[in-house]
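Participant: Everything below, folded, please.
(3 chains)
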Amino acid sequence: MAPDYRAGVSGRDRVLVCCRAMEVAGGPVAISELADLADCTPRQIQRDFQALGISPGAYGRAVRTDLARVSLRRTTTIADALTDAGYGSVRSFYDEVGRRLGMTPSEYAAGAPGLPLLWATTPSAIGVIVAVASDRGLCAARIGVDRARLVDEIKREFSAADLREDEFAMVDVLIALRTLAVGHQAPQLPLDVNGTAFQARVWQAIRTIPSGQTRTYTQIADQINRPTSIRAVAAACAGNPVALAVPCHRVIRTDGSLAGYAWGIEVKEQLLTAEQSTRLQE
DNA sequence: ACTGTCTGTGCTT
DNA sequence: AAGCACAGACAGT
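Facilitator: Have a look, this model is predicted:
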């Protein structure tokens, strides 16, 4: 079933309007103002948020505390874990994880025994997004239609981990993902992903594709000095655990067709269209 | 099912 | 006391 993001003004749209307003304002915005912005009654705003398990005020406070935290320490422990270092860092992190845990990345990914992980969901322009993060960075980001189903998925995938829902701690991640979902640029999220060394190289190469641009599978293969591994590049895209954060939707076929997307070809198309129109407006 | 109105509670000033 | 956020109940479409 395709997401019905075009079917009139939904609660999801209103929530997005309100979230953006509070992100711009840097804190809570009066419900009456939010109601004006979303063109509905204050009670409706409250109900839309209620459906997500957070109140408008609580979201606004989360935005504010997060901004305060970011400004207090320019680089967070998560942020300097991987972001500023680029590919070498991703690879060395992958190597380090492999040594420290003494298990293969796939085993590590299949259950993440005992690892404390936070998760949260958010509505977005392309559907519900679920995000999972360790203290090092984003472990998973999935796009779907049914929130409960996404939550079940990540609970199965990280079955042995110590999972805890915490939208407050995740608010900066959620903001970044929602921003990416509407085709705008967002700060690079620190990642805590596990894959083979080859996958790590592909994912890092993909992260360098600017918003509003695309690359072909062949170009990515060339970029990582594996010009014949085009199919393996495509497979690595398909295995991308962190939608949007690793923008594999920007990788297409040489003939310009979109090929596939793990979370739906329509989502891929919508993302590329949104990013290109954002690009043109600048 | 979704929405608006009314209403009560609790918190802050 | 007054204003606000929040949410339950009820009715209209």
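
Participant: contacting residues around the residue nearest to residue A:209 when sequence neighbours are not counted?
Facilitator: Of all residues not flanking residue A:209 in the chain, residue A:250 sits nearest, at 4.5 Å (Cβ to Cβ, 6 or more residues apart in numbering). All C-beta spots, glycine's among them, are computed from the backbone N, C-alpha and C. Residues counted as contacts of residue A:250 (Cβ atoms under 8 Å, 6 or more residues apart in numbering) are A:206, A:209, A:213, A:214, A:215, A:272, A:275.

Participant: need those in a markdown table with secondary structure, can you?
Facilitator: As requested, these are exported to a markdown table (DSSP: H, G, I helix; E, B strand; the rest coil):
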| residue | secondary structure |
| --- | --- |
| A:206 | helix |
| A:209 | coil |
| A:213 | coil |
| A:214 | coil |
| A:215 | strand |
| A:272 | helix |
| A:275 | helix |
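
Participant: With pLDDT and distance to residue A:160 as extra columns, can I get those residues in TSV?
Facilitator: TSV is the format used below for the contacts of residue A:250 (pLDDT from 0 to 100; distance: Cβ to Cβ, whole Å):
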residue	pLDDT	distance to residue A:160
A:206	90	29
A:209	88	34
A:213	88	39
A:214	91	37
A:215	93	36
A:272	92	36
A:275	88	36
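
Participant: Report the entries of these that also contact DNA strand C.
Facilitator: Among the contacts of residue A:250, proximity to DNA strand C is found for none (Cβ under 7 Å from any atom of the strand).

Participant: List buried residues within these.
Facilitator: Among those, the ones that count as buried by 16 or more other Cβ atoms under 10 Å are A:206, A:209, A:214, A:215, A:272, A:275.

Participant: Nearest to residue A:143 among the residues you listed?
Facilitator: The nearest member of the buried ones among the contacts of residue A:250 to residue A:143, counting by Cβ to Cβ, is residue A:272 at 14.3 Å.

Participant: Please name the nearest non-neighbouring residue to the closest one.
Facilitator: Excluding the flanking residues, the one nearest residue A:272 by Cβ to Cβ, 6+ apart is residue A:249, at 6.4 Å.

Participant: now swap in residue A:213 and tell me
Facilitator: Closest to residue A:213 by Cβ to Cβ, 6+ apart is residue A:250, at 6.6 Å.

Participant: thinking again about what came up before, from the contacts of residue A:250, pick the one nearest residue A:44.
Facilitator: Checking the contacts of residue A:250 against residue A:44 with Cβ to Cβ, the nearest one is residue A:275 at 30.7 Å.

Participant: any idea how far the closest one is from residue A:169?
Facilitator: Per Cβ to Cβ, to the nearest Å, residue A:275 is found 28 Å from residue A:169.

Participant: can you pull the pLDDT of the residue sitting nearest the centre point of chain A?
Facilitator: Central residue of chain A (Cα atoms, centre = their mean): residue A:177, 4.1 Å from the mean position. Per-residue confidence (pLDDT) for residue A:177: 90.

Participant: Pretty sure residue A:127 sits against residue A:146.
Facilitator: No. Counting by Cβ atoms under 8 Å, residue A:127 does not reach residue A:146; the two are 9.1 Å apart.

Participant: How are the helices of the stretch 51-200 of chain A distributed by residue range?
Facilitator: In the stretch 51-200 of chain A, the segments counted as helices under DSSP state H, counting those that start in this stretch are A:56-72, A:79-82, A:87-101, A:105-109, A:147-157, A:171-181, A:197-207.

Participant: Give me the contacts around the fifth one.
Facilitator: Read it as helix A:147-157. Contacts for helix A:147-157 (Cβ under 8 Å, 6+ apart): A:109, A:110, A:119, A:121, A:128, A:130, A:132, A:140, A:142, A:144, A:163.

Participant: go with 6 Å
Facilitator: A:121, A:128, A:130, A:132, A:142, A:144 (Cβ atoms under 6 Å, 6 or more residues apart in numbering).

Participant: which residues touch the last one?
Facilitator: To tie it back to what came earlier, the one meant is residue A:144. Counting by Cβ under 6 Å, 6+ apart, residue A:144 touches A:127, A:128, A:150.

Participant: what does the fourth one give?
Facilitator: Residues near residue A:132 by Cβ under 6 Å, 6+ apart: A:117, A:119, A:139, A:140, A:154.
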